[in-house]
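A.B. asks: quick one: sequence and predicted model below, then my questions.
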Amino acid sequence: MRTPHVILLLGAAMLWGAGHARAATPASKLAYQQARDMAAATYKNARAQCDAVTGNPKDVCVAEAKAARVRSEEEARAQYEDTLKAYTKARLRIADANYDRDKARCAGLAGNEKDVCTAQAKATLVAARADAKADQKTIEARNEARDDKLDAAWKVAMERCDAFAGAARDQCVSNAKVQFGK
């Protein structure tokens with residue numbers, strides 16, 4: 001169950017760490033819409049299968065279908081928006097959907113078993129939410145540190161260029177601008 005979260009985190013880290021933000025293209029918007037439509041169709045089919053069951057198993061079946069739909073839609077939305085905030089938001093919404101699914105599973109139990117199941121579901125939710133927020137802060141801190149290092153290296157390069165005069169200084173500054181993308 002943690003694998004999709006790891007995939008989302010790695011995707012966010014790679015995209016965010018690359019330091020680029022790309023605008024949504026018509027193709028990516030189309031892919032996002034297709035993913036949402038596919039999630040809705042999958043949900044509708046899963047929900048139809050749930051109608052054959054009654055009682056708590058039906059509630060669990062419906063909750064699982066909803067959780068799967070939320071996962072598909074949120075992963076597609078995160079890829080479409082392509083920001084760290086979107087990936088974190090997707091992980092939080094997926095955690096909430098999984099919690100709802102787990103609560104439905106617990107509803108079929110009784111006594112201490114139900115209490116334990118409910119406590120485990122809540123603990124899983126808290127852990128997933130904490131991981132998502134901590135991962136976001138870690139990535140933001142790494143990006144900030146990378147930017148600080150680049151700024152410091154830029155200042156060193158400009159200080160080196162101050163040792164030159166005229167055309168040599170201009171060439172040094174030009175090379176530094178190319179090297180640091182300024």
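C.D. replies: That came through fine. Numbers count the residues shown, from 1 in each chain.

A.B. asks: C-alpha from now on. contacts and neighbour counts both.
C.D. replies: OK.

A.B. asks: next, the buried residues of stretch 28-46.
C.D. replies: Buried residues in stretch 28-46, counted by 16 or more other C-alpha atoms under 10 Å: 32-33, 35-36, 39-40, 42-43, 46.

A.B. asks: next one: stretch 110-118
C.D. replies: Within stretch 110-118, the residues scored as buried using 16+ other C-alpha under 10 Å are 114, 117-118.

A.B. asks: returning to what we had before: tell me the one among the buried residues of stretch 28-46 nearest to Asn98.
C.D. replies: Using C-alpha to C-alpha, Tyr43 comes nearest to Asn98 of the buried residues of stretch 28-46, at 15.0 Å.

A.B. asks: wait, that closest one sits on Ala67?
C.D. replies: No: using C-alpha atoms under 8 Å, Tyr43 makes no contact with Ala67, being 9.3 Å away.

A.B. asks: sorry, back to before: in helices, which of the buried residues of stretch 110-118 appear?
C.D. replies: Filtering the buried residues of stretch 110-118 for membership in helices, criterion DSSP state H, returns 114, 117-118.

A.B. asks: sec struct for Leu109, please.
C.D. replies: Under DSSP: H, G, I helix; E, B strand; the rest coil, Leu109 falls in the coil class.

A.B. asks: give me the phi and psi for it.
C.D. replies: Dihedral pair for Leu109: phi -100, psi 170, per degrees, to the nearest 10.

A.B. asks: then Gly108?
C.D. replies: Reported as degrees, to the nearest 10, the phi and psi values for Gly108 are phi -80, psi -10.

A.B. asks: gap between the residue nearest to it when sequence neighbours are not counted and Thr118?
C.D. replies: Among residues not flanking Gly108 along the chain, Asn56 sits closest, at 5.6 Å (C-alpha to C-alpha, 6 or more residues apart in numbering). Counting by C-alpha to C-alpha, to the nearest Å, the gap from Asn56 to Thr118 is 15 Å.

A.B. asks: could you find the closest non-adjacent residue to the residue nearest the centre of the chain?
C.D. replies: The centroid of the chain falls nearest to Tyr87 when counting by C-alpha atoms, centre = their mean (2.0 Å). Nearest residue to Tyr87, sequence neighbours excluded (C-alpha to C-alpha, 6+ apart): Ala78, at 5.0 Å.

A.B. asks: what's the neighbour count on the one you found?
C.D. replies: Other residues lying near Ala78 total 22 when counted by other C-alpha atoms under 10 Å.
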